[in-house]
Each structure stands twice: as structure tokens, then as C-alpha cells.
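Asker: My questions are about this predicted structure, shown below with the sequence.
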Amino acid sequence: MKYAYYPGCSAECNAVAYEHSVREVADLLGIKLQTIDDWNCCGATEYFSQDELTACAVIARNLALVEPQLQQLVAPCAACYLNLKKTDKLMADHPDIGAKVNECLAAGGLNYQPGRVRVRHMLDVIVDDIGETAVRDKVVHPLKGLRLAPYYGCQVVRPIEAGDGTEYPMKMDRLLGWLGAEVVDYPAKAHCCGGHMTQISEPQAFELIRRLLYSAEQAKADIIACMCPMCQLNMDGYQGRVNSYFGTDYRLPIIYFTQIVGLAFGIEPKKLGFGKELVAAMPVLKAKMNGQLATSLG
Amino acid sequence: MAHTTEKKGTFLEEVIEATPDGERLVHCLQCGSCGGSCPSGAEMQYTPRTLIAMINAGDRDAVLAANTMWACVSCYLCTTRCPQNIPITDIIYTLKRMSIAEGRYSKTDAPAMAKTFTDFVEMFGRSYEIGLAIGYHAFKRWKPIELMKMGPMGIKMLLRRRMAFIPSKIRQIDQLRAIIKKAKELSAKEQQEAKALRQPTHGH
């Protein structure tokens, strides 16, 4: 299957592990991702705080640039996903907004017909379009003995419900289960990581991050699997700061779900971006996994 | 509907006008599901429920000066749990925009963060993390100490090549800028119209 692909700014650098693992896993599953030519930043939440029309117009430029023969657009980042989906929905539900956004796009010689592109998250594509049988077929290293905590965050499960509920999503739980892992059930899986709050109020942000780490650790998770660069950065990059702030000693590696999928598929860890995380995942993987995978990890 | 004509020019009408599906606001039951669900509720002067009551009461100045909007993390739990389908997070965004436009906020660096972020988008068409960190913490926020606190993490990120000094730039930056210019023009016009409609505030 062929999809248009919106990498998002994080993919270029901070979340390069996500980008590489998405591409590796997609290749193996026969998912063709065609990057939108000359895509621009989605503005995260920062334009919506200042000007709604500018926010929508900046996002809609990407939708307008999706090649006419492609009907579906995949975004791996939760914030990009929501922005693209929300703008398409706003334009469709409110023709006045749609008209105004198109007036802006026209200034750049572009136009977007709301509803033309269906925005999807990478997790949905793997779980819904590829499905259990095809995923199980590709597993060469079942992740037996590894306790994984799926972390969904906010912006994929809310506010636009995509068939997996807004409170207690299960899609990643199912996917990780197909890989043979022990999937940890914990209450914080769709709670908020704080988004950009680390930059504005550290005490507030650190408390939100602490709650997630606490919840996953209470459930005896070895690793948290996430699906958004912002969530990964907050829980991984700031884990040391959170520990010094609260006097805690969390050492939970935060890995993109596609890295875990790739590992089970037998893709070389380096190609999946392992080693980019600040809280190292490899020692945990080697300690917890036995048999073939542990040997292949070296 | 009777209430909308009757409330023309009020703060409630202004918020409704500026928010997609904002008309749901009049259906608030004051049940408090929003405030109870909010992960940042404890940080807020007024929870979303209280803020909605204040919007209804026309307490424009207090609402736009509240810290509620700046504690919001856009997690949308209030929105999806609202039994009356009020787009609460979007209403918070509307209030952020009004508060920024009129310079009513205080004790928050969120508007400076937003401006620094979007300035880079308008410069390059992409976000620029190092530029954002330095520009925001050291210059916009005047808190270089915050930048130093981030130092050890920044170095680890650099060593893992998760941060780049050279920003990425789109080819058709002029096209993006033309689109943004148009959007800002249209929005400025709308803001002028909204201002003309607004009832003069009494008291104080």
C-alpha cells in the first residue's frame, strides 16, 4: 500500500530513531511512504495559541501538497498527526473556515479540498491496514520475557476519536502482544507528558512526567514504548532532571514502538536508531531477553 | 436562538464567535468534569468549569488575565469528557489568543515561547531546536540560567546527534510566507470587526 508521508521536524534530528525505524519497518511490511515534497512545520501548538487562521493555513499547505493520486497521509508524530487531522476536519465541518484557509493558500498558488486526504497515524496503519497475521508472520525474534508499557499520550487518541477510544486505547497493546512481549497494563497510558511545558514551567512539567514513570514502574515495566517525539523527549531526555528534582531513581528506557517492532522483525538495532536514547535500552533488552535475540544483540 | 441575540456583544458572544463549535458553551452544566479531569488543574487559578462561569458572567478582564490558559497542556481530556460536547481545549486556545493580542497575560513565558517558535517557522519553514532554546531562554525569556540547566542534557543530545546546529530550510519559503501573510491580514481584519462589536466594559 502507498501513502503520502509527513515526517515532521523532529524526524530530521531529535527523533531520528523514530524516523529510521518507521522507514525500516514500513519497508519490511510493504508499506510505501512517499514524503510530501517540500513539507513545512505544522506549527505544533504554537500557532494555535496566536492565530487560528495562520495555524490552519500553515498546516493546510502540507495537505495541499499531497500528490493527487494519494488519498492517505501518514504522520508518525502525534502533534503533527492531530494538526493535520484537525485542520482537515475544521475545514470540512466549517465551510467558512475552509474558504478562508483556501484564500490564504491561494496566495501561494495552492488549494485544498477538505476531506480529500485521510490523515492516519503510523500505529493505525500497522495495526488496521497490515493487521495481526501479516505482523505475526514477520516476527523472527519473539519478545518473550520483555515487559513493555505502551504509552499513547494524548493527541492521537484525543480529541478526534479514531476507533480506539479516548480513555483506554488498546491498539499498541495488541501490536506489542503480537510480537510476543508481555504487555503491561497501567493507568497512565493515555495521560499527558506535558508537551512543551518543560520549556515554560519545569515544576509542572516534571510532575506530569513523574506520574507516567511512576505508573509504568509500579506495573514493573522494563521499557516504555511511545509513539510521539515530544513524549519520548520528555520522558527520556528529562528523566535525569526529573530524578534529581524528586529524588527518585527511575531508569526506564523510552523507545519508539516502531523500534520494538523492528527488533522483533530481526532488523539490526543500529538501523532502528537504538543508542540515540539517553536512558540506554540495550542493557535492559540484553538482561531481560533470553535466547536468540539476546545473542543477536551482541 | 434567543440567548445569542440577547447576548450580542457580550464576552460570551465574543468567545463563541472566535471558537469553532463555540456555541456549545451555552450548554455548560457546571458539572466540573473538566476541572476534575485536568492534569494541570492544581496549577490553575480557575479550573475550566470556573472559567466558563466567568465567561458567562462577562468577567472579561479576570478571564484574560487568568493563568488557566498557560497551565493547559492541550491534552483534550476535558474536551472528550465533557457531557455537553463543549470544545473546552479550543476555548482555552481562543482565550490564549485574546490574552496575547491584548497583552493581558503575566507570569508566564508561554507567549514568548510560541512567538520564538513561529518566528523560526517563518524564517526557515521548519522548526529549529537549538535556535529555539537559545532564542527563547536567553533572549526572549531573559533567563540564561535556564539554558545552563539544560546544558548537560543538551550535550548528551548533541553527542547522540539528536540536535543540529544548522537549521533545515524548505525550498519554497516565499510561498509559505505569502500564505502566512494573507492569513495574518485576514485575521487582523476579523479582530478589528470583533473589537467594534464588543460592548464597553463597565466598572473598574
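Answerer: Ah, there it is.
Asker: contacts, neighbours, all on C-alpha from now
Answerer: Noted.
Asker: wait, A:Arg136 sits on A:Leu176?
Answerer: No: counting by Cα atoms under 8 Å, A:Arg136 does not reach A:Leu176; the two are 10.4 Å apart.
Asker: number of nearby residues for the residue in chain A that chain B sits nearest to?
Answerer: Closest contact between chain A and chain B, by Cα to the nearest Cα, is at A:Asn14 (4.1 Å). Number of residues near A:Asn14 (other Cα atoms under 10 Å in any protein chain shown) recorded here: 24.
Asker: List the contacts of the nearest residue to it once chain neighbours are set aside.
Answerer: Closest residue to A:Asn14 apart from its sequence neighbours, by Cα to Cα, 6 or more residues apart in numbering or on different chains: B:Arg162 at 4.1 Å. By Cα atoms under 8 Å, 6 or more residues apart in numbering or on different chains, B:Arg162 lies in contact with A:13-16, A:276.
Asker: Likewise for A:Ala78?
Answerer: Taking Cα under 8 Å, 6+ apart as the test, what A:Ala78 contacts is A:121, A:154-156, A:227-229.
Asker: Okay, A:Thr54 and A:Lys100: tell me how far apart.
Answerer: 10 Å (Cα to Cα, to the nearest Å).
Asker: let me redo that: B:Glu23
Answerer: With Cα to Cα as the criterion, B:Glu23 and A:Lys100 are 20 Å apart.
Asker: Nearest to chain A: which residue in chain B?
Answerer: Closest point on chain B to chain A, by Cα to the nearest Cα, is B:Arg162, at 4.1 Å.
Asker: what does the stretch 51-200 of chain A have sitting close to chain B?
Answerer: A:51, A:53-54, A:57-58, A:61, A:90, A:94, A:101, A:103-109, A:154-155, A:158-159, A:166, A:191-192, A:194-197, A:199-200 (Cα under 8 Å from any Cα of the partner chain).
Asker: quick one: which of the residues you listed sit in helices?
Answerer: A:53-54, A:57-58, A:61, A:90, A:101, A:103-106 (DSSP state H).
Asker: so where's chain A shaky on pLDDT?
Answerer: For chain A, residues meeting the criterion pLDDT under 70 lie at A:290-298.
Asker: which residues in it form helices?
Answerer: A:16-29, A:52-64, A:78-93, A:95-106, A:122-124, A:131-138, A:171-178, A:202-218, A:229-232, A:239-246, A:257-264, A:282-288, A:292-296.
Asker: Ok, chain B next?
Answerer: So, for chain B - with DSSP H - the helices run B:2-6, B:11-18, B:33-37, B:48-56, B:60-65, B:68-71, B:77-81, B:88-101, B:110-124, B:129-133, B:144-149, B:151-159, B:173-197.
Asker: one step back: could you check which of A:Thr54 and A:Lys100 is surrounded by more residues?
Answerer: A:Thr54 (24 against 19).
Asker: In contact with B:Cys34, which residues?
Answerer: B:47-49, B:77-79, B:81-82.
Asker: if we go to 6 Å?
Answerer: For B:Cys34, the contact set (Cα atoms under 6 Å, 6 or more residues apart in numbering or on different chains) comprises B:Cys78.
Asker: What are the structural domain limits within chain B?
Answerer: The record's domain split for chain B, according to automatic domain parsing, is B:2-106, B:110-185.
Asker: any chance of those domains in TSV, with mean pLDDT too?
Answerer: As requested, the domains of chain B are exported to TSV (pLDDT from 0 to 100):
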stretch	mean pLDDT
domain B:2-106	94
domain B:110-185	92
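Asker: Comparing the helices of chain B, which comes out most buried?
Answerer: Of all the helices of chain B, helix B:68-71 carries the top mean neighbour count, a mean of 25, counting by mean count of other Cα atoms under 10 Å in any protein chain shown.
Asker: Pull the distance from that one to the chain's centre.
Answerer: 8 Å (Cα atoms, centre = their mean, to the nearest Å).
Asker: got a list of contacts for it?
Answerer: By Cα under 6 Å, 6+ apart, helix B:68-71 touches B:44, B:92, B:96.
Asker: A:Leu73: which of the residues you listed is nearest?
Answerer: For the contacts of helix B:68-71, the closest approach to A:Leu73 (Cα to Cα) belongs to B:Ile92, at 28.4 Å.
Asker: Break chain A into its domains for me.
Answerer: A:2-121, A:140-296.
Asker: Is it possible to get TSV of those that adds distance to B:Met150?
Answerer: TSV is the format used below for the domains of chain A (distance: least, Cα to Cα, whole Å):
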stretch	distance to B:Met150
domain A:2-121	15
domain A:140-296	9
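Asker: Ok, which of those comes nearest B:Gln191?
Answerer: Judging the domains of chain A by Cα to Cα, what sits closest to B:Gln191 is domain A:2-121, at 10.4 Å.
Asker: mind checking the end-to-end distance for that closest one?
Answerer: 14 Å.
Asker: and the residue nearest to A:Asn14, how far is that from A:Ala205?
Answerer: 21 Å.
Asker: Dump the helices of chain B into JSON lines; add distance to A:Asp27 as well.
Answerer: Formatted as JSON lines, those follow (distance: least, Cα to Cα, whole Å):
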{"stretch": "helix B:2-6", "distance to A:Asp27": "55"}
{"stretch": "helix B:11-18", "distance to A:Asp27": "44"}
{"stretch": "helix B:33-37", "distance to A:Asp27": "40"}
{"stretch": "helix B:48-56", "distance to A:Asp27": "45"}
{"stretch": "helix B:60-65", "distance to A:Asp27": "50"}
{"stretch": "helix B:68-71", "distance to A:Asp27": "41"}
{"stretch": "helix B:77-81", "distance to A:Asp27": "35"}
{"stretch": "helix B:88-101", "distance to A:Asp27": "37"}
{"stretch": "helix B:110-124", "distance to A:Asp27": "30"}
{"stretch": "helix B:129-133", "distance to A:Asp27": "29"}
{"stretch": "helix B:144-149", "distance to A:Asp27": "40"}
{"stretch": "helix B:151-159", "distance to A:Asp27": "28"}
{"stretch": "helix B:173-197", "distance to A:Asp27": "31"}
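Asker: what about residue 28, neighbour count?
Answerer: In the absence of a named chain, this looks at chain A. Neighbours around A:Leu28, by other Cα under 10 Å: 14.
Asker: Sorry, I should have been clearer: chain B.
Answerer: B:Cys28 - counted by other Cα under 10 Å - has 17 other residues nearby.
Asker: Skipping its backbone neighbours, what lies nearest it in space?
Answerer: B:Gln84 (6.5 Å).
Asker: And for B:Ile173?
Answerer: B:Gly125 (6.1 Å).
Asker: Sweet, I'm off.
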